[in-house]
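Engineer: Got a sequence here, can you model it:
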Amino acid sequence: MPESLRADSTWMYWLGRSYQAEDKAALAQQKFQSIVNQTNFYGQLALEELGTENYCRFLDSRF
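Structural biologist: Purely as a prediction, here's the structure:
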């Protein structure tokens, strides 16, 4: 897979979800964290996967 596709937020989100299904929480969190600053659909889903605490921390870092 080309690097440009591997860096795509859609791919990163679903890779994170697959890690969750395999009980690899640390790897899943790493993938979600890598796209959480994007304001697209998958960035928002990643933010939700990381939970409310991370969302508040994310908002604080933007202001």
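
Engineer: where does the protein have low pLDDT?
Structural biologist: For the chain, the stretches flagged by pLDDT under 70 are 52-63.

Engineer: What degree of burial does residue 30 show, as a neighbour count?
Structural biologist: 14 (other C-beta atoms under 10 Å). All C-beta atoms are positioned from the backbone trio N, CA, C, and that covers glycine.

Engineer: before we move on, which element is it in?
Structural biologist: helix 25-35 (DSSP states H and E).

Engineer: Put the alpha carbons of that helix into CSV.
Structural biologist: Taking Å, rounded to 0.1, in the frame of the first residue of the first chain, the C-alpha atoms of helix 25-35 are listed here in CSV:
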residue,chain,number,x,y,z
ALA,A,25,-5.4,-1.1,23.2
ALA,A,26,-2.1,0.8,23.2
LEU,A,27,-1.7,0.3,19.4
ALA,A,28,-5.3,1.3,18.8
GLN,A,29,-4.9,4.5,20.9
GLN,A,30,-1.7,5.3,19.0
LYS,A,31,-3.6,5.1,15.7
PHE,A,32,-6.5,7.2,16.9
GLN,A,33,-4.2,9.8,18.4
SER,A,34,-2.5,10.2,15.1
ILE,A,35,-5.7,11.5,13.4
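
Engineer: Quick check: buried residues in the first helix or strand past that helix going along the chain?
Structural biologist: Sequence-wise, the next helix or strand downstream of helix 25-35 (DSSP H and E) is helix 41-50. Of all the residues in helix 41-50, those buried under the rule 16 or more other C-beta atoms under 10 Å are 42, 43, 44, 45, 46, 47, 49, 50.

Engineer: by contact count, what packs against helix 41-50?
Structural biologist: For helix 41-50, the elements it packs on are helix 9-21, helix 25-35, helix 52-62, judged by 3 or more C-beta pairs under 8 Å, 6 or more residues apart in numbering; DSSP states H and E.

Engineer: and the first one with helix 41-50, angle?
Structural biologist: In terms of direction (axes from the mean of the first three to the mean of the last three C-alpha atoms, to 10 degrees), helix 9-21 departs from helix 41-50 by 30 degrees.
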